[in-house]
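> Based on what follows, work out the 3D shape:
(one chain, ligands or ions: 2)
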Amino acid sequence: MPNQGFLKVEHIGIAVKSIKASNELFSKLFGKEAYKEEKVESEGVVTSFFQLGETKIELLEASREDSPIAKFIEKRGEGIHHIAYEVEDIISEMQRLKNEGFILLNEVPKQGADNKLVCFLHPKTTNGVLVEICQENRV
Ligand SMILES: CC[C@H](C(=O)O)C(=O)SCCNC(=O)CCNC(=O)[C@H](O)C(C)(C)COP(=O)(O)OP(=O)(O)OC[C@H]1O[C@@H](n2cnc3c(N)ncnc32)[C@H](O)[C@@H]1OP(=O)(O)O
Ligand SMILES: [Co+2]
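Ligands and ions are numbered 1, 2, ... in the order given. Purely as a prediction, here's the structure:
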(Lines give C-alpha, C1' and ligand atoms only; values in the text may rest on other atoms or scores of the structure.)
(Ligands and ions follow the chains in the order given, each with its own letter.)
Protein backbone atom coordinates (compact mmCIF):
# COMPACT_ATOMS: atom_id res chain seq x y z
CA MET A 1 0.00 0.00 0.00
CA PRO A 2 1.68 3.29 -1.08
CA ASN A 3 2.18 6.04 1.45
CA GLN A 4 -1.01 8.13 1.45
CA GLY A 5 -0.99 11.88 1.90
CA PHE A 6 1.63 14.58 1.38
CA LEU A 7 5.23 13.66 2.29
CA LYS A 8 6.95 17.08 2.36
CA VAL A 9 7.13 20.51 0.72
CA GLU A 10 9.04 19.61 -2.44
CA HIS A 11 9.41 23.18 -3.73
CA ILE A 12 8.03 26.69 -3.51
CA GLY A 13 7.40 28.28 -6.91
CA ILE A 14 8.23 31.98 -7.32
CA ALA A 15 7.10 33.88 -10.44
CA VAL A 16 9.85 36.18 -11.74
CA LYS A 17 10.22 38.47 -14.76
CA SER A 18 13.83 37.49 -15.42
CA ILE A 19 15.46 34.20 -14.39
CA LYS A 20 18.85 35.81 -15.05
CA ALA A 21 18.25 38.73 -12.68
CA SER A 22 16.52 36.57 -10.07
CA ASN A 23 19.23 33.88 -10.17
CA GLU A 24 21.71 36.60 -9.22
CA LEU A 25 19.45 37.90 -6.44
CA PHE A 26 18.65 34.49 -4.92
CA SER A 27 22.29 33.33 -5.22
CA LYS A 28 23.23 36.34 -3.05
CA LEU A 29 20.31 35.65 -0.68
CA PHE A 30 21.01 31.90 -0.29
CA GLY A 31 24.80 32.04 -0.59
CA LYS A 32 24.68 29.33 -3.23
CA GLU A 33 24.07 28.96 -6.96
CA ALA A 34 21.05 27.44 -8.71
CA TYR A 35 21.75 23.78 -9.51
CA LYS A 36 19.82 23.64 -12.77
CA GLU A 37 17.75 25.56 -15.30
CA GLU A 38 15.08 23.76 -17.28
CA LYS A 39 12.52 24.84 -19.87
CA VAL A 40 9.10 23.17 -19.64
CA GLU A 41 7.61 24.16 -23.01
CA SER A 42 4.28 22.48 -22.26
CA GLU A 43 3.84 24.84 -19.30
CA GLY A 44 5.28 27.91 -21.03
CA VAL A 45 7.97 28.31 -18.36
CA VAL A 46 11.69 28.36 -17.82
CA THR A 47 12.59 27.17 -14.32
CA SER A 48 15.65 27.55 -12.13
CA PHE A 49 16.14 25.44 -8.99
CA PHE A 50 17.96 26.09 -5.71
CA GLN A 51 18.32 23.18 -3.25
CA LEU A 52 17.84 24.19 0.40
CA GLY A 53 18.01 21.04 2.51
CA GLU A 54 14.94 18.89 1.83
CA THR A 55 13.14 21.70 -0.02
CA LYS A 56 13.81 23.60 -3.24
CA ILE A 57 13.03 27.05 -4.51
CA GLU A 58 11.78 27.02 -8.09
CA LEU A 59 12.04 30.31 -9.99
CA LEU A 60 9.63 30.54 -12.92
CA GLU A 61 9.88 32.88 -15.92
CA ALA A 62 7.25 32.89 -18.69
CA SER A 63 8.66 31.45 -21.93
CA ARG A 64 5.71 32.68 -23.99
CA GLU A 65 2.96 35.29 -23.78
CA ASP A 66 0.16 32.86 -22.92
CA SER A 67 2.12 31.32 -20.04
CA PRO A 68 0.25 31.13 -16.70
CA ILE A 69 3.30 32.91 -15.24
CA ALA A 70 2.88 35.85 -17.65
CA LYS A 71 -0.78 36.15 -16.62
CA PHE A 72 0.08 35.87 -12.92
CA ILE A 73 2.77 38.57 -13.09
CA GLU A 74 0.55 40.85 -15.17
CA LYS A 75 -2.19 40.54 -12.54
CA ARG A 76 -0.21 40.27 -9.28
CA GLY A 77 3.41 41.09 -10.02
CA GLU A 78 6.39 38.90 -9.07
CA GLY A 79 6.08 36.72 -5.99
CA ILE A 80 5.15 33.36 -4.54
CA HIS A 81 3.19 31.45 -7.19
CA HIS A 82 2.61 27.95 -5.77
CA ILE A 83 3.61 25.38 -3.19
CA ALA A 84 4.50 21.89 -4.43
CA TYR A 85 4.13 18.84 -2.20
CA GLU A 86 5.79 15.50 -2.80
CA VAL A 87 3.54 12.43 -2.91
CA GLU A 88 4.52 8.78 -3.30
CA ASP A 89 1.77 7.77 -5.74
CA ILE A 90 0.31 10.70 -7.73
CA ILE A 91 -2.51 8.66 -9.28
CA SER A 92 -3.93 7.52 -5.95
CA GLU A 93 -3.40 10.99 -4.44
CA MET A 94 -5.28 12.61 -7.33
CA GLN A 95 -8.19 10.23 -6.74
CA ARG A 96 -8.09 10.85 -2.97
CA LEU A 97 -8.05 14.64 -3.44
CA LYS A 98 -10.89 14.49 -5.99
CA ASN A 99 -12.95 12.42 -3.52
CA GLU A 100 -12.19 15.07 -0.88
CA GLY A 101 -13.71 17.72 -3.14
CA PHE A 102 -10.58 19.48 -4.42
CA ILE A 103 -10.65 20.65 -8.06
CA LEU A 104 -7.87 19.08 -10.16
CA LEU A 105 -6.60 21.33 -12.94
CA ASN A 106 -5.38 18.33 -14.92
CA GLU A 107 -7.06 14.94 -14.89
CA VAL A 108 -3.91 13.07 -15.94
CA PRO A 109 -0.47 13.61 -14.37
CA LYS A 110 1.65 15.83 -16.61
CA GLN A 111 5.39 16.09 -17.08
CA GLY A 112 6.89 18.71 -14.82
CA ALA A 113 10.43 19.98 -14.33
CA ASP A 114 13.18 18.12 -12.46
CA ASN A 115 11.90 14.70 -13.60
CA LYS A 116 8.54 14.95 -11.84
CA LEU A 117 4.98 14.01 -12.71
CA VAL A 118 2.70 16.83 -11.51
CA CYS A 119 -0.91 17.81 -10.95
CA PHE A 120 -2.29 21.20 -9.86
CA LEU A 121 -5.31 21.94 -7.63
CA HIS A 122 -7.42 25.02 -8.24
CA PRO A 123 -6.57 27.73 -5.68
CA LYS A 124 -10.28 28.35 -5.20
CA THR A 125 -10.38 24.98 -3.39
CA THR A 126 -7.15 25.39 -1.42
CA ASN A 127 -7.63 28.65 0.49
CA GLY A 128 -6.27 30.78 -2.34
CA VAL A 129 -2.89 28.98 -2.58
CA LEU A 130 -2.11 27.23 -5.86
CA VAL A 131 -1.10 23.68 -4.92
CA GLU A 132 1.04 21.36 -7.02
CA ILE A 133 1.50 17.71 -6.13
CA CYS A 134 4.51 15.96 -7.61
CA GLN A 135 5.94 12.44 -7.79
CA GLU A 136 9.37 11.34 -8.98
CA ASN A 137 8.98 10.09 -12.56
CA ARG A 138 10.19 6.51 -12.10
CA VAL A 139 9.92 5.51 -15.78
C1 LIG B 1 5.07 21.96 -14.30
C2 LIG B 1 6.36 22.74 -14.38
C3 LIG B 1 6.73 23.37 -13.05
C4 LIG B 1 7.03 22.27 -12.03
O5 LIG B 1 7.06 22.53 -10.82
O6 LIG B 1 7.34 21.16 -12.51
C7 LIG B 1 5.67 24.30 -12.55
O8 LIG B 1 5.42 24.49 -11.38
S9 LIG B 1 4.84 25.13 -13.80
C10 LIG B 1 3.88 26.38 -12.96
C11 LIG B 1 3.00 27.06 -13.98
N12 LIG B 1 1.86 26.23 -14.32
C13 LIG B 1 0.69 26.38 -13.65
O14 LIG B 1 0.53 27.24 -12.80
C15 LIG B 1 -0.41 25.42 -14.05
C16 LIG B 1 -1.60 25.54 -13.12
N17 LIG B 1 -2.15 26.90 -13.19
C18 LIG B 1 -3.32 27.15 -13.88
O19 LIG B 1 -3.96 26.28 -14.45
C20 LIG B 1 -3.78 28.60 -13.89
O21 LIG B 1 -2.68 29.46 -13.62
C22 LIG B 1 -4.92 28.89 -12.83
C23 LIG B 1 -6.15 28.02 -13.15
C24 LIG B 1 -4.45 28.65 -11.43
C25 LIG B 1 -5.31 30.36 -12.97
O26 LIG B 1 -5.54 30.58 -14.33
P27 LIG B 1 -6.71 31.58 -14.82
O28 LIG B 1 -6.60 31.71 -16.31
O29 LIG B 1 -7.98 31.16 -14.22
O30 LIG B 1 -6.20 32.95 -14.20
P31 LIG B 1 -7.01 34.00 -13.37
O32 LIG B 1 -6.06 35.11 -13.13
O33 LIG B 1 -8.33 34.27 -14.03
O34 LIG B 1 -7.23 33.24 -11.98
C35 LIG B 1 -8.48 32.72 -11.56
C36 LIG B 1 -8.50 32.90 -10.05
O37 LIG B 1 -7.40 32.18 -9.45
C38 LIG B 1 -6.52 33.09 -8.79
N39 LIG B 1 -5.16 32.65 -9.06
C40 LIG B 1 -4.55 32.56 -10.25
N41 LIG B 1 -3.28 32.12 -10.12
C42 LIG B 1 -3.10 31.94 -8.78
C43 LIG B 1 -2.00 31.52 -7.97
N44 LIG B 1 -0.82 31.19 -8.53
N45 LIG B 1 -2.15 31.46 -6.63
C46 LIG B 1 -3.35 31.80 -6.07
N47 LIG B 1 -4.45 32.23 -6.75
C48 LIG B 1 -4.30 32.30 -8.10
C49 LIG B 1 -6.79 34.46 -9.41
O50 LIG B 1 -6.45 35.46 -8.49
C51 LIG B 1 -8.28 34.37 -9.67
O52 LIG B 1 -8.95 34.56 -8.46
P53 LIG B 1 -9.95 35.81 -8.34
O54 LIG B 1 -10.44 35.77 -6.92
O55 LIG B 1 -11.04 35.56 -9.37
O56 LIG B 1 -9.09 37.01 -8.68
CO1 LIG C 1 6.30 23.83 -9.54
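
> I'd like to know which elements the helix or strand harbouring Phe120 is packed against.
Assigned by DSSP states H and E, Phe120 falls within strand 116-121. Under the contact criterion of 3 or more Cβ pairs under 8 Å, 6 or more residues apart in numbering; DSSP states H and E, the helices and strands touching strand 116-121 comprise helix 90-99, strand 110-111, strand 131-136. Every residue, glycine included, has its C-beta placed from N, CA and C.

> does that strand come close to ligand 2?
No - Strand 116-121 stays clear of ligand 2 (Cβ under 5 Å from the ion), getting no nearer than 6.7 Å.

> Now do the contacts for the residue of the chain found nearest ligand 1.
Per Cβ to the nearest ligand atom, Gly112 is where the chain lies closest to ligand 1, at 2.6 Å. By Cβ atoms under 8 Å, 6 or more residues apart in numbering, Gly112 lies in contact with 40, 43, 118, 132, 134.

> and this protein, which residues reach ligand 1?
13, 40, 43, 45, 47, 58, 60, 68-69, 71-72, 75, 81-82, 84, 105, 112-113, 116, 118, 120, 122-123, 128-130, 132 (Cβ under 6 Å from any ligand atom).

> rerun that using 8 Å as the cut-off
11, 13, 15, 40, 42-45, 47, 58, 60, 67-69, 71-72, 75-76, 81-82, 84, 105-106, 110-114, 116, 118, 120, 122-124, 128-130, 132, 134 (Cβ under 8 Å from any ligand atom).

> returning to what we had before: in the strand holding Phe120, which of the residues would be classed as buried?
The neighbour-count check on strand 116-121 (16 or more other Cβ atoms under 10 Å) flags 116-121 as buried.
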